[in-house]
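>>> Pasting the sequence and the predicted coordinates here, then a few questions.
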Amino acid sequence: MEDASTIYFMWGLFTLLLCILAYRILSGLQIKDTKDQETYGSTDRQSPGPISSPNLPLVSKIWRNEVTIFANFALTTFCHPGLITAIPCRQMRSLEHDQWFQTILLTVYTVCDVIARCGTEFRFGLNYRNIYWTAILRLITVPFMLFCAFSVLSSDVFAFLVVAIAGFQNGYCASLCLIVVNEIPELTAEQLKHCGRISACSVNAGLAAGSVAISIVSARFKL
């Protein structure tokens, strides 16, 4: 199982690197208007220049938001599913058979995640300037999940509570950080297009980083 998980996460990282390489290659290609060439019979039409790449002014405007996106999605794969399924059943012994306890934990996480995604219209003062607080709040939850996984002092009821909070945070924080980055008023329409591409890279990089991190923790502590 550990070998299969490692291979899965490493393949995900390879896929991410391949996508980044493909994007860089495509960004350097020129666009030809084949339809106009067929209509006017001209082969001397100049094609547009290469697709412009994000510039430093854009990066200086959005880098904090992109770091927040990266952190949120790294925490997503660090906690789910690896850390959640490592939480043992301690009191509810009837749920221990066939890993029903872990299955219910995952279900609780997913349900809370979905519910929270429907509530991103409620901002609670969060915006593109202070969205980094979402990553900080989620980071505070991680020690409690580790406590549930490792400490014999933890209880099953506490584990359900912590996992529910983690699921709600994932649905709300991860979704909101992707929304507010597009609300930065200084961004032009062209910069917003590049912003979406950068955000997609931040999401995938975060997912890969979280997967690698939990793989290392799992190998170190035999989760």
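Received, thanks.

>>> give me phi/psi at Phe124?
Per-residue torsions, Phe124: phi 50, psi 40 (degrees, to the nearest 10).

>>> swap in Gln91?
phi -110, psi -40.

>>> So for it, what's the pLDDT?
In this model, Gln91 is scored at 89, pLDDT.

>>> if I read this right, it contacts Phe158, doesn't it?
No: at 10.1 Å, Gln91 does not count as touching Phe158 under the criterion of C-beta atoms under 8 Å. (Glycine included, C-beta is placed from N, CA and C.)

>>> And these two? Which one has more around it.
Legend: neighbour count by other C-beta atoms under 10 Å for Gln91 and Phe158, higher for Phe158 (16 against 13).

>>> Quickly find the element holding the more buried one.
helix 156-180 (DSSP states H and E).

>>> same check, this time on Val203
Element membership for Val203, per DSSP H and E: helix 189-221.

>>> what's the neighbour count on Phe78?
Neighbourhood size, Phe78 [other C-beta under 10 Å]: 23.

>>> which residue sits closest to it, ignoring its sequence neighbours?
Gly210 (4.0 Å; C-beta to C-beta, 6 or more residues apart in numbering).

>>> ok, now which ones touch Leu187?
With contacts defined as C-beta atoms under 8 Å, 6 or more residues apart in numbering, the neighbours of Leu187 are Leu58, Lys61, Ile62, Cys195.

>>> Quick check, central residue of this structure?
Nearest residue to the geometric centre of the chain (C-alpha atoms, centre = their mean): Phe73, 2.5 Å.

>>> pLDDT score for that one?
Listed pLDDT for Phe73 reads 94.

>>> And the helices in the protein?
In the chain, the helices defined using DSSP state H lie at 2-27, 34-40, 56-78, 84-85, 100-117, 132-150, 156-180, 189-221.

>>> worst average pLDDT in those helices?
For these, the weakest mean pLDDT is recorded on helix 34-40, namely a mean of 44.

>>> that older thread, next, the contact list for the residue nearest to the centre of the chain, please.
With the criterion set at C-beta under 8 Å, 6+ apart, Phe73 makes contact with Ala174, Ser202, Val203, Gly206, Leu207, Gly210.
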